[in-house]
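Engineer: this one's structure only:
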């Protein structure tokens, strides 16, 4: 088994709103941790959106550290097949989720990995997707 980190838990950690270290110690001490290439893109987008040079530099360092130490799962043809099926299922039920979230869910389903996200509301719509319990690690604002 494996655990995929969604950008929401990483951004939450950067903003001191999520205890990523405690979460990983509790939820995945012996489980391999991954990112998807889509999550990497979302993180890089956050870097590019920064208006101030200092913020951009801080974010870039944060993202590069994460990317350097975490294996990245690509979106391949097998993921595309899962994604197409998932997209159709959600559309038929009138329960579509965000485009990037659908792609990330497809990667998790394709590999059979759990997803750690703070956006559980949307991801719960995905049949068969296993979510890691992140709520106990959300820090008070």
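Structural biologist: Sure, I can see it. Just so you know, these numbers come straight off a predicted model, no measurement behind them.
Engineer: next one: phi and psi at residue 138?
Structural biologist: The phi/psi pair for residue 138 (degrees, to the nearest 10) reads phi -80, psi 130.
Engineer: again, but for residue 36
Structural biologist: Dihedral angles (degrees, to the nearest 10) for residue 36: phi -100, psi 160.
Engineer: Do I have it right that it meets residue 75?
Structural biologist: Yes. Counting by CB atoms under 8 Å, residue 36 touches residue 75, with 7.0 Å between them. (Each C-beta comes from the backbone N, C-alpha and C, glycine too.)
Engineer: So for the two, which residue has more residues nearby?
Structural biologist: Comparing residue 36 with residue 75 by neighbour count (other CB atoms under 10 Å), the higher total belongs to residue 36, at 27 against 17.
Engineer: before we move on, the earlier item: intersection of neighbour lists for residue 36 and residue 75?
Structural biologist: 103, 107 (CB atoms under 8 Å, 6 or more residues apart in numbering).
Engineer: What average pLDDT does stretch 101-115 get?
Structural biologist: In this model, stretch 101-115 has a mean pLDDT of 98.
Engineer: which of the residues in that stretch are buried?
Structural biologist: For stretch 101-115, a neighbour-count test (16 or more other CB atoms under 10 Å) marks 101-111, 113-115 as buried.
Engineer: now swap in stretch 33-41 and tell me
Structural biologist: 33-36, 38-40.
Engineer: Show me how far the lowest-mean-pLDDT helix or strand in the chain is from its chain's centre.
Structural biologist: Across the helices and strands of the chain, mean confidence by mean pLDDT, DSSP states H and E is lowest for helix 20-27: a mean of 92. Centroid displacement of helix 20-27 relative to its chain, using CA atoms, centre = their mean, to the nearest Å, is 15 Å.
Engineer: related to what we said a few turns ago, show only the entries of the buried residues of stretch 33-41 found in helices.
Structural biologist: Residues of these located in helices (DSSP state H): 38-40.
Engineer: could you dump the residues you listed to a markdown table with distance to residue 58?
Structural biologist: Converted to a markdown table, these look like this (distance: CB to CB, whole Å):
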| residue | distance to residue 58 |
| --- | --- |
| 38 | 23 |
| 39 | 19 |
| 40 | 18 |
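Engineer: I'm done for today, thanks for sticking with me.
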